[in-house]
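K.L.:
predicted model and sequence follow; I will ask about them next.
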Amino acid sequence: MADDLDALLSRYLDAIREAADEAALEAIRVGALGKKGEISLKMRELGKMAADERQAAGARLNALKDEIDAALRARKAALADAALEARLAAEWLDVTLPARPRRTGTIHPVSQVMDEITAIFADMGFAVAEGPQVESDWFNFDALNIAPEHPARQEHDTFFMARDPADPRPPHVLRTHTSPVQIRAMQAQGAPIRVIAPGRVYRMDMDQTHTPMFHQVEGLAIGRDISMANLKWVLEEFCRSFFEVPDVELRFRASHFPFTEPSAEVDIRCSWEGGQLKIGQGNDWMEILGSGMVHPKVLAAAGVNPDEFQGFAFGMGIDRLAMLKYGIPDLRAFFESDLRWLKHYGFSALDLPTVFGGLSR
Amino acid sequence: MKFTLSWLKDHLETDASVEEIAAALTDLGLEVEEVVNPAAKLAPFTLARVVHAEQHPDADKLRVCRVETDEGEKQIVCGAPNARAGITVVLCKPGDYVPGIDVTLGVGKIRGVESHGMMASERELELSDEHDGIIELPSGKVGDRFVDWLAENRPDAVDPVIDIAITPNRPDALGVRGVARDLAARGLGRLKPLEITPVPGGFDSPIKVQIDDSLKQKGCPYFTGRLIRGVTNGESPDWLKARLTAIGLRPISALVDITNFFTYDLNRPLHVFDAGKVKGDLRIVPARGGEEFLALDGKTYTLRAGQMVICDDAGPESLAGVMGGELSGCTEDTTDVFLESAYWDPITIAATGRALKINSDARYRFERGVDPDFTLPGLELATQMVLDLCGGEASAVVSDGAVPDTGRAYRLDPARVQRLVGMEIPEATQRATLESLGFTLDGDMAHPPSWRPDVLGEADLVEEVARVASLTKLEGKPLARETVGVPGPILMPMQVRERIARRQIAALGYNECVTYSFIDAGAAAMFGGGAEATRLENPISSEMTHLRPDLLPGLLQAAARNQARGQGEMALFEVGPVFHGGEPGEQRLQAAGLLVGATAARDPWASRRGVDVFDAKADAEAVLAAVGAPARMQISRKLDGWWHPGRAGVMGLGPNRLAVFGEIHPRVLRDLGLKGPAVAFSIWLENVPFPKTKTPTRPALVLSDLQAVERDFAFVVDAGVEASVLVNAAQGADKALIERVSVFDVFAGEKAEAQMGAGKKSVALAVRLQPRATTLTDKEIEAVCAKVVEKVGKASGAVLRG
């Protein structure tokens, strides 16, 4: 019997090795281990044997059965692996083909720089104030100590709105600066106050370096003891943070704005080497903004008592700051919406400037 | 405002260099725009002497000279007729750049003879047009620098010209003396005294003056003048011509040059009438209106009633303080002149000048304010100069009115400088500064000088002290926070919303544009704007005449420009103000996005298709969700004319319009020159309601363990019925049980009509039921489904598809 079983095993193992697919394997399994399979039949015959004979034969039969079962399983797994290999080979793709398209949007440099400025001044406790772009001449000029016939008013290159001849009021203007927001903000919330006011402003000027619309940010800080020295510190901190340099040097130069007294134009130390601007080093000075201590008449016009309160104001060009920081050469291109320009100079939607994460990447 | 260094030194005794002076001026608030130093281009040239000159062997007109120079004797070939032994000349050596001929010299060979440099003529050094021969100097040693010789003997030729920008508050600095006064106050020298000696009148002026009563209070408070007879109006002397030429003025005749000189030297504009052409007396009167006036600029102006003029018996002879008249102007033949020095009211001058669009030196100065006290002294000084340069005899002064009283005083609080500026300046220094600027101190009261109309309060005193002390020295001082601890948010909810909208739209793949707030009339009208109230009175171009009523025209025009540059697919957006009127505040905040062309470039995945209304709708919904709009809104078709009437919708809450999405009307595309397809969305950010209460806490999440059941329905309905009618009806069938209804298929068009009948379409809905308490039985599910069919049928006429 032992020889019979060895032959049997050998025959099944050969058959399993040669089975080409799962169906052939199943046929072998049924032929050997199925209810009427060869091995199963032999197991049934065990009952007819004597007890001692049965024990020996039973053990050998079970071993035979386990061996065939294991061979079946192994062959099945090998067949599955081969099939998978074949499928994977057939599934080859040219992954150098382009990806499915996804549009990428951008944020305009003006918006980005406004957010940068806001982040810095928010950290210094300044809120963001707003005002209308069509202004009465009172807010744009008179309240800011620019008298109707004063030459300073003519220097503003103002856009006037059409005025119905039956309307006796002086024509409204497109605000020539963000300074009227000073008045509106102080009227609304009084003093002390710390605000910045970024936004569009308009001047009748169009050439290589001027556009009839541009952006300014106004700063205003009014308190009981806010001095020009505080102004200088705030601007130094702003410039250092905005231009992302370890140190800046500012130079205050006496100047004149009707709404501040004393007034100063502010230059920043820089170098221009090979057309490359570097802030904070070098031997050149570049004018970046106008500033001063808010004129007592302006405080009074805005309903703030000039005997009790004092403080500073400044105004600077947002587009210009963007040009200086990001090396954008031409102001006019800001407003031309050339897609190539927008994509090149624009910022990612997720690049929200913060003080904690840095203003730019 | 231009002047030369030597002119400045007429008023300022100083050893300061031009560089020191320029730096101080800028720091004082008199910003230097340019310094032109003619000495720079003459720096290399030295003096030399011709030792020997002989005829060139091969050229009749050339001489070969031996020239003694600082580098030994040199041979130079020269063509000048005056080249001869013994003269002192100006030498240009090989390597030097000669400005007048624009050549850098080398060692040359002229007709076979070597020449080591050249001897220059005046024209070759741009000193004058003189070119008849080389310069012969009457003095000087071999080797001396030519610029030093010029400084000594012809200072005008190397006089640096300084150009400064004058802010409108500093009329006093429109005269060289005012500039000198600031520099003296800064400590850069001493202001020289200005001697004023009245010129005695030899006779009574036959021309009298009279100011109309209506102008004495405002207009012309004070007028002085006098006749000078027997003058010769020839050329001015060289020094005067050099001064005027250096600052860009053309010398005309002595009388005209004198008035120009006083304008720039002492900020005292004058006028001279040819007395022979004046008929009767001079009267300062308001124009009646309609008079024609031929001004010195050769143009005829029609006067408006009230404009101030100086008239004689024949009519207006001068636009007071703005421009003189051609008819009574001086010529070479003038022998008798009437010299005018008046104080004109700045506002009146500004109004007249602006109305007539005349920009003259006189207007520029009078409207900023000249020194009223200097009216008569100016006349005296000018009289003396006329007598000196033109001869003649002066009459007694005639005048009307009086010097207006500009006397005022403000308290000098020395602590205020510290408080306002943050600089420590000793009281004595503060007082000395003000005094050097011409203020009179009386105890702690400071009286501004008559030439400083800008000083109008205590803060102005601080400004004067601070700017003279130099703001450059100001040290920054930290500005303490107003509150202790972590600062709170500073943006208003609307400002936050604007930023979220902007970054959400960019995240959806749109490129942000910033377009002009003003557009052309046609585009404005196309988008519901163009009203008179939104028109600019003085637009800078015909493309920018009206405030924009909407962001879309600007974006569409930008897209058209990009198309012209060959860009096919575009996603542009803008967030900004639009205007529905011309009053302050008649503006709204809009966010608009525009998709043009295809969704993508061509690719192997057939991704490319034309953009359509549902792209725009998806983006509008994403932005609305980002800014906190409710999930469910009504969609209506109350569309403005620039939308496709059948392919656009308005998203709203009752009458409140939040957004519009859809195709742009083909007629608009045609008129703006844009090739479609073009779809857009437009969101009124301010119309999106804010939550009634603001809390960071979210509502609790309710999850059911019970299995949800989804049932599909295919309805046949009239093709014109909107899907939302079916969805809303189905939703209403059982509000508690039905969690969601969605459209998953629409079958419409010819094939559908062939199957379901003319004018019909099929809409397939998936209805999801979420049991809350117990699992639903088949019976319960059937009951809800039947109710859905019934409700939908009732609302829309739809029947289940068989």
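P.N.:
Received the coordinates, thanks.
K.L.:
what about the closest residue to chain A within the stretch 51-200 of chain B, how many neighbours?
P.N.:
As assessed by Cβ to the nearest Cβ, chain A sits closest to B:T167 within the stretch 51-200 of chain B, at 3.5 Å. No exception for glycine: its C-beta is placed from N, CA and C like everyone else's. Residues contacting B:T167 under the criterion other Cβ atoms under 10 Å in any protein chain shown number 21.
K.L.:
what's the answer for A:R240, then?
P.N.:
Neighbour tally, A:R240, other Cβ under 10 Å: 18.
K.L.:
need the three-state assignment for it.
P.N.:
Secondary structure of A:R240, reduced to three states by DSSP: H, G, I helix; E, B strand; the rest coil: helix.
K.L.:
excluding its backbone neighbours, what's nearest it?
P.N.:
Leaving out its chain neighbours, the residue that sits closest to A:R240 by Cβ to Cβ, 6 or more residues apart in numbering or on different chains is A:V248, at 4.8 Å.
K.L.:
quick one: contacts for that neighbour?
P.N.:
Contact analysis of A:V248 by Cβ atoms under 8 Å, 6 or more residues apart in numbering or on different chains lists A:236, A:239-240, A:268-269, A:279-280.
K.L.:
try it again at 10 Å.
P.N.:
Applying Cβ atoms under 10 Å, 6 or more residues apart in numbering or on different chains to A:V248 gives the contacts A:235-242, A:268-270, A:279-281.
K.L.:
coming back round to it: the residue of the stretch 51-200 of chain B closest to chain A in helix, strand or coil?
P.N.:
coil.
K.L.:
and it, what does it touch?
P.N.:
Going by Cβ under 10 Å, 6+ apart, B:T167 touches A:151-152, A:155, A:254-258, A:263, A:265, B:29-31, B:173, B:368, B:454.
K.L.:
buried ones among these?
P.N.:
Among these, the ones that count as buried by 16 or more other Cβ atoms under 10 Å in any protein chain shown are A:151-152, A:254-258, A:263, A:265, B:29-31, B:173, B:368, B:454.
K.L.:
for the contacts of A:V248, which one is nearest chain B?
P.N.:
Nearest to chain B out of those is A:E236 (Cβ to the nearest Cβ; 5.0 Å).
K.L.:
not counting sequence-adjacent ones, nearest residue to that closest one?
P.N.:
B:G476 (5.0 Å).
K.L.:
that neighbour is in contact with A:R251, isn't it?
P.N.:
No - contact criterion Cβ atoms under 10 Å: B:G476 and A:R251 do not qualify, at 11.8 Å.
K.L.:
quick check: neighbours shared by the two?
P.N.:
Joint contacts of B:G476 and A:R251 (Cβ under 10 Å, 6+ apart) are A:K232.
K.L.:
what's the lowest-mean-pLDDT helix or strand in chain A in contact with?
P.N.:
Least confident element among the helices and strands of chain A, by mean pLDDT, DSSP states H and E: helix A:151-154 (a mean of 75). Under the criterion Cβ under 10 Å, 6+ apart, residues A:137, A:140-142, A:144-147, A:173, A:176, A:256-259, B:167-169, B:171, B:346, B:350, B:353-354, B:363-364, B:367-369 lie in contact with helix A:151-154.
K.L.:
ranges for the strands of chain A?
P.N.:
For chain A, the strands defined by DSSP state E occupy A:127-128, A:134-135, A:173-174, A:193-202, A:213-223, A:250-257, A:260-273, A:276-279, A:284-294, A:310-317.
K.L.:
want to throw the ones you listed into JSON lines with mean pLDDT and distance to chain B?
P.N.:
Listed next are the strands of chain A as JSON lines, based on pLDDT from 0 to 100; distance: least, Cβ to the nearest Cβ, whole Å:
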{"stretch": "strand A:127-128", "mean pLDDT": "95", "distance to chain B": "4"}
{"stretch": "strand A:134-135", "mean pLDDT": "97", "distance to chain B": "5"}
{"stretch": "strand A:173-174", "mean pLDDT": "96", "distance to chain B": "7"}
{"stretch": "strand A:193-202", "mean pLDDT": "97", "distance to chain B": "6"}
{"stretch": "strand A:213-223", "mean pLDDT": "97", "distance to chain B": "5"}
{"stretch": "strand A:250-257", "mean pLDDT": "93", "distance to chain B": "3"}
{"stretch": "strand A:260-273", "mean pLDDT": "92", "distance to chain B": "4"}
{"stretch": "strand A:276-279", "mean pLDDT": "88", "distance to chain B": "17"}
{"stretch": "strand A:284-294", "mean pLDDT": "94", "distance to chain B": "5"}
{"stretch": "strand A:310-317", "mean pLDDT": "97", "distance to chain B": "6"}
